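# build the 3D model from these lines:
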Amino acid sequence: MHRRLARVVTALALFTAAAETPARAQQQIVIEATQSAGEPMMMPGLGGPRQLKTGSGRILGRVVSTDTGGPLRRAQVRLTAPEIGVKTALTDAEGRFEFRELPAARFTLNASKSGYVNVQYGQTRPFEQGRPIELADKQVLDKADVAMPRGGVISGRIVDEFGDPLPDALVSAMRQTWSNGRRRLLPTGRTSQTNDLGQFRMYGLPPGEYYISASLRNTDIMMLDAALLGGPSSGASGSTPSSGYAPTYFPGTTTAANAQRVTVAVGQEAQNTDFALAPVRLAKITGTVMTSDGKPLDGGIVTAMPISRTGETGLTMMGGATGRTSKDGNFSIPNVGPGDYTLTVRSVRIITSDGGDTMMFRATIAGGSDGSDSETASVPVVVAGEDLSNVVIITYKGATASGRITFEGGAPPASTNIRITSVPTDADGPGMMAAGGATVKEDGSFQLKGLSGRRLLRVGNLPSGWTLKSVRQNGDDVTDSGVEFKSGQDISGLELVATSKQTEITGGVTASNGSALKDYTVIVFSDDPQLWSLPFTRWVNGTRPDQEGRFRVRNLPAGSYDIVAVDYIEAGAWGDPELLDRLKSHAKRITLSEGGSERVDLKLVDRY
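Numbers count the residues shown, from 1 in each chain. Model (predicted):
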């Protein structure tokens with residue numbers, strides 16, 4: 001019994017950490033996770049496996065330390081491109097690495113080593129985007145060198161309100177950055193966990209300013225009672241604490257606006273970042289889950305996931321607290337701190353073999369695993385220190401979307417791995433976890449199930465040379481606005497168009513004295529400011545030059561754009577509308593026709 005319970009605890013821990021991942025196996029435990037659409041979860045823009053390519057090209061280089069110039073041994077080097085996926089290499093005693101049998105492609109190369117800042121090829125400043133490597137057929141690039149600075153360190157101690165150490169607290173270094181049109185606080189580098197003395201140490205940080213947050217994980221999400229093994233979900237129980245700790249920022253505040261920044265220099269340690277977690281009153285959420293046909297949901301997992309409101313950090317700082325429904329659909333979630341949450345529902349089934357040695361752990365969104373009768377639920381609640389009782393959650397059937405993809409500008413590609421994916425327009429919403437997809441059939445048709453809310457439709461795994469042109473619903477262009485899906489709705493006739501007529505902008509940049517530059521960033525953005533803040537906008541892009549100093553931007557929609565070159569900008573900062581507005585007066589105007597190619601020579605902008 002103890003062995004079996006241990007295996008279930010292990011399975012639930014993996015489910016809690018990655019409930020939306022494809023099937024995996026862990027020793028004698030078989031864990032299968034599917035989502036409402038009955039397909040493995042796909043992240044925005046990604047599809048299934050590609051047909052990888054090989055060639056006779058090579059990339060060689062060295063990884064060295066910035067401060068000493070000496071070789072960094074056993075550094076991990078990763079080479080990425082759609083044509084090859086991800087390839088890795090370890091540096092030798094001289095810091096050298098090599099990638100062989102490479103096809104002609106555009107590659108991204110980065111290096112990592114414990115204690116050093118992760119660096120991309122061509123990156124010379126913190127948080128800067130790396131430079132791509134443009135490799136021709138049979139080309140050999142023998143000096144793809146990377147210099148890595150020693151990372152900064154932030155260390156300190158986390159205590160409770162009495163000054164006693166808090167072991168196992170999770171500590172993160174966060175910094176403000178632009179993500180999907182909003183400024184957010186996002187974790188940077190490794191998350192640290194305090195030891196028995198409450199001490200933490202985060203290392204390998206790029207130089208910069210950070211906000212430090214700490215939280216004490218709710219351990220109840222990792223615990224199981226006999227109910228999960230088929231016994232009753234109510235009855236005798238142990239006492240639960242009435243107080244706990246809220247996610248807290250240094251020097252001891254629960255709001256990001258009152259947090260103090262910690263400055264880290266190259267290779268230096270910011271010590272004595274000590275603070276106490278803020279004590280809060282914990283609450284219990286109880287209620288009932290009913291399916292759309294009025295039946296109680298038995299064996300469902302109800303999770304209270306912390307959410308953030310627009311204008312706040314956009315960061316979920318601690319895992320969700322969890323409860324399980326009984327045969328009557330009743331659930332109880334203990335130890336929930338104050339805050340805004342979304343209650344989501346999943347069903348869990350455990351199948352045990354006769355011998356008890358093999359256990360199957362299946363997790364699905366409430367409803368059928370094939371998506372045919374799948375249902376889901378998502379209910380916002382506010383916890384303010386008092387128990388919430390009699391919460392009723394009614395699951396509903398997700399919408400179905402069907403349509404066809406067509407191809408313009410050439411014969412349809414022969415690939416059988418093309419997928420249609422759906423991406424929620426609200427990146428902070430709970431639906432982000434269920435951005436599923438479906439494989440396109442031979443006749444170009446597709447069907448997505450279990451959808452809810454407003455979603456963008458995108459195409460994953462298009463072969464090289466093809467890109468998404470438009471998405472239409474009843475003749476209207478919904479490529480950037482998305483489609484609104486309502487409970488039980490069946491939307492048909494969606495039209496996705498892929499085109500081989502790709503746009504391209506190429507060129508170079510010179511300094512004020514006319515000399516050619518190899519280190520800069522080019523930003524291209526629509527001349528219509530309303531397109532800058534669209535969700536996952538296609539109308540703004542930033543790029544860096546390749547190893548020869550040339551830049552290239554592909555697959556922008558046809559239209560009018562402003563283009564400008566600057567010396568340095570953090571990756572993603574071009575998502576800031578205020579920055580784009582300042583750059584507009586320094587930019588050069590160009591017009592891209594469908595399938596058009598423009599050669600642009602730019603002068604570096606020093607001040608803006």
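
# phi, psi for residue 584 please.
phi -60, psi -40 (degrees, to the nearest 10).

# next: the one 5 residues further on.
Backbone dihedrals for residue 589, given as degrees, to the nearest 10, come out at phi -90, psi 130.

# any idea how far residue 529 is from the nearest residue to it once chain neighbours are set aside?
Leaving aside its chain neighbours, residue 589 sits nearest to residue 562 (5.9 Å; criterion: CB to CB, 6 or more residues apart in numbering). In this view, the C-beta of every residue, glycine as well, is placed from N, C-alpha and C. Distance, residue 562 to residue 529, using CB to CB, to the nearest Å: 10 Å.

# what's the helix or strand for the residue nearest to residue 589?
Using DSSP states H and E, residue 562 maps to strand 559-566.

# after that strand comes which helix or strand?
helix 577-583.

# and that next one, what does it pack against?
strand 521-526, strand 559-566 (3 or more CB pairs under 8 Å, 6 or more residues apart in numbering; DSSP states H and E).

# which one, of the ones you listed, ends up nearest to residue 408?
Residue 408 lies closest, by CB to CB, to one member of the helices and strands packed on helix 577-583: strand 559-566, at 17.5 Å.

# mind listing what's buried in the closest one?
Using 16 or more other CB atoms under 10 Å as the test for burial, strand 559-566 gives 559, 561, 562, 563, 564, 565, 566.

# helix, strand, or coil at residue 594?
Recorded secondary structure, residue 594: coil (DSSP: H, G, I helix; E, B strand; the rest coil).

# so it sits right up against residue 502, yeah?
No: applying CB atoms under 8 Å, one finds residue 594 not in contact with residue 502, separated by 9.3 Å.

# out of the helices and strands packed on helix 577-583, flag the one nearest residue 606.
strand 559-566 (8.5 Å).

# what lies in contact with the closest one?
Outside of strand 559-566, the residues within contact range by CB atoms under 8 Å, 6 or more residues apart in numbering are 505, 509, 520-528, 539, 583-584, 586-592, 600, 602-605, 608.

# need the buried ones from the residues you listed selected in ChimeraX.
Isolation of the buried members of the contacts of strand 559-566 (16+ other CB under 10 Å) is achieved in ChimeraX through the command below:
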select :505,509,520,521,522,523,524,525,526,539,583,587,590,592,600,602,604,605
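
# quick check: closest non-adjacent residue to residue 125.
residue 568 (5.6 Å).

# elements contacting the helix or strand that contains residue 380?
Per DSSP H and E: residue 380 is located in strand 378-383. Secondary-structure packing of strand 378-383 (3+ CB pairs under 8 Å, 6+ apart): strand 283-290, strand 339-352, strand 388-394.

# so for the shortest one, mean pLDDT?
Yep, that's strand 388-394 we're talking about. For strand 388-394, mean pLDDT rounds to 93.

# name every strand pairing with it and say which way it goes.
strand 283-290 (parallel) (DSSP bridges).

# buried residues, the very next helix or strand once past the strand it pairs with. List them.
As assigned by DSSP H and E, the chain's next helix or strand after strand 283-290 is strand 300-306. Using 16+ other CB under 10 Å as the test for burial, strand 300-306 gives 300, 301, 302, 303, 304, 305, 306.

# I'd like the residues you listed as CSV, with distance to residue 330 appended.
Formatted as CSV, the buried residues of strand 300-306 follow (distance: CB to CB, whole Å):
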residue, distance to residue 330
300, 10
301, 13
302, 10
303, 16
304, 16
305, 20
306, 23
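
# ok, those residues vs residue 215, which is closest?
residue 306 (9.7 Å).

# pLDDT wise, what is the closest one at?
81.

# picking that back up, who has more neighbours, residue 594 and residue 502?
residue 502 (18 against 14; other CB atoms under 10 Å).

# ok, now how distant is the more buried one from residue 420?
Taking CB to CB, one finds residue 502 at 20 Å from residue 420.

# now residue 539: how far from residue 562?
From residue 539 to residue 562 the distance is 11 Å (CB to CB).

# no wait, residue 182
22 Å.

# then residue 443?
Residue 443 is 41 Å from residue 562, by CB to CB.
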